[in-house]
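>>> Test case, fold it:
(chains A and B)
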Amino acid sequence: MAVEYEARVARIVEHAPDTRSLFLRGPRLAFRPGQFISCLLPVGGETLIRPYSIASSPEEDDLEVCLNLVPGGLASPHLLRLPVGAAVRFTGPWGTFVLDRAPEAEAVFIADGTGVAPIRPMLRRALATATRHPLRLLYGAADPERLLYRAELEALARQHTGFRFEHVPSARLRDEVARRWVDGDADRCRRFFICGVGEIVPALRDLLRRAGYERRAVQYEKW
Amino acid sequence: MPSVARIRVIFENGDPERVIEFDPARAPFQHDGKPGSILDVLLGHGIHLEHACGGNCACTTCHVIVKGGGNTLSASDDSEEDLLDKAPGLTPTSRLGCQAMVEDPDAEIVVVIPRYTINQIVSEHGG
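Okay, the predicted model is just below:
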């Protein structure tokens, strides 16, 4: 059995009416940017196991998880109702969608919606260990107001000349990826890190791999 | 007569082995993993199998090694194979329990549950 930990909700940040970050304070986990914790949630007389990407960096004291309300879901309404001070049990860190340092190639991060959560610490780590290679973030959301961490990402883009951050409507994400990195040139040395919810993720994976990018150059996590 | 499929479960940690008999047509047996998957069957019959991602094919903690009856399971796809690449103790017959579904109603499957999962590290708060 995995080791269980307990943390307290130290702070709540509301990004939008249905999207919040919970800052969990408890045992300090050593984790790799991109990993997730697995929350053990008492719902309806049983324990639900639900994974949540860590949106904070390993250097920070609190673990930040960012979630939105899943219509018809059981776990997200429970978590979104928790007040400051509530206990949360979890295991982890888990997951192999990670980035320990900037790749020796152009790195393209592609996030859709709350899929930006694990991308955020990966991107921070990439910027902190950046080489001469460019870093890109293409962030899909219904409209710019729905972008999470927008001010932070824009500030990072101002501070780091090698980093560009762009928003595209989620519905156009696949076409934009094809236009830029499949049809745009013949360079197939880039590294991709993709995270989102649902079928867009394997769709982007297949698009890039079929275009000639190496299998291991296209890393992804589908929620 | 309803079909009876069997999964013999061998634990690498030395726990006594178990044999589950079930009717695949009755899946799902609980709510995590693909319906009728090894994870679904085991959890639904009181056998703990780690599944940190909730059975969503996003980690390797439900890694099992299929020792028999692998041809009666659903085929793996790219998502499963990409994750298995990163599973500690990978073998040629490794599968993710949350993805490998029992498709043959008369399947006779043998799986080994490895001792380990992905390493975890923890230090005291502020440490």
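>>> all helices in chain A, in order from the N-terminus.
A:75-81, A:116-128, A:150-159, A:173-181, A:200-210 (DSSP state H).
>>> Show the model's pLDDT score for the residue nearest the centre of chain B.
Nearest to the mean C-alpha position of chain B, by C-alpha atoms, centre = their mean, lies residue B:97 at 2.2 Å. Looking at residue B:97, its pLDDT reads 98.
>>> ok, it touching residue B:51?
Yes. Using C-beta atoms under 8 Å, residue B:97 is in contact with residue B:51, at 7.2 Å. In short, each C-beta sits where N, CA and C put it, glycine included.
>>> which residues are in contact with both of those two?
Counting by C-beta atoms under 8 Å, 6 or more residues apart in numbering or on different chains, the residues touching both residue B:97 and residue B:51 are B:33, B:39, B:62.
>>> do you know how far the closest residue to the last one other than its chain neighbours is from chain A?
I take that to be residue B:62. In space, and not counting its chain neighbours, residue B:62 is closest to residue B:97: 3.7 Å by C-beta to C-beta, 6 or more residues apart in numbering or on different chains. Counting by C-beta to the nearest C-beta, to the nearest Å, the gap from residue B:97 to chain A is 14 Å.
>>> Now do the contacts for residue B:97.
Neighbouring residues of residue B:97 by C-beta under 8 Å, 6+ apart: B:33, B:37, B:38, B:39, B:42, B:49, B:51, B:62, B:63, B:64, B:111.
>>> How about residue A:174?
A:200, A:203, A:204, A:207.
>>> Just put those residues in JSON lines and tack on pLDDT.
Below are the contacts of residue A:174 laid out as JSON lines (pLDDT from 0 to 100):
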{"residue": "A:200", "pLDDT": "97"}
{"residue": "A:203", "pLDDT": "98"}
{"residue": "A:204", "pLDDT": "98"}
{"residue": "A:207", "pLDDT": "98"}
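>>> Tell me the residues of chain A that contact chain B?
A:1-3, A:5, A:25-31, A:36, A:38, A:48-51, A:61, A:91-97, A:202, A:205-206, A:215-216, A:220-223 (C-beta under 8 Å from any C-beta of the partner chain).
>>> out of these, which are buried?
A:2, A:5, A:26-29, A:31, A:36, A:38, A:48-51, A:91-97, A:202, A:205, A:220-223 (16 or more other C-beta atoms under 10 Å in any protein chain shown).
>>> pLDDT below threshold where in chain B?
Low-confidence segments of chain B (pLDDT under 70): B:1-2, B:117-127.
>>> residue contacts, the closest residue to residue B:61 other than its chain neighbours?
Leaving out its chain neighbours, the residue that sits closest to residue B:61 by C-beta to C-beta, 6+ apart is residue B:50, at 4.0 Å. By C-beta under 8 Å, 6+ apart, the residues touching residue B:50 are A:1, A:2, B:61, B:62, B:117.
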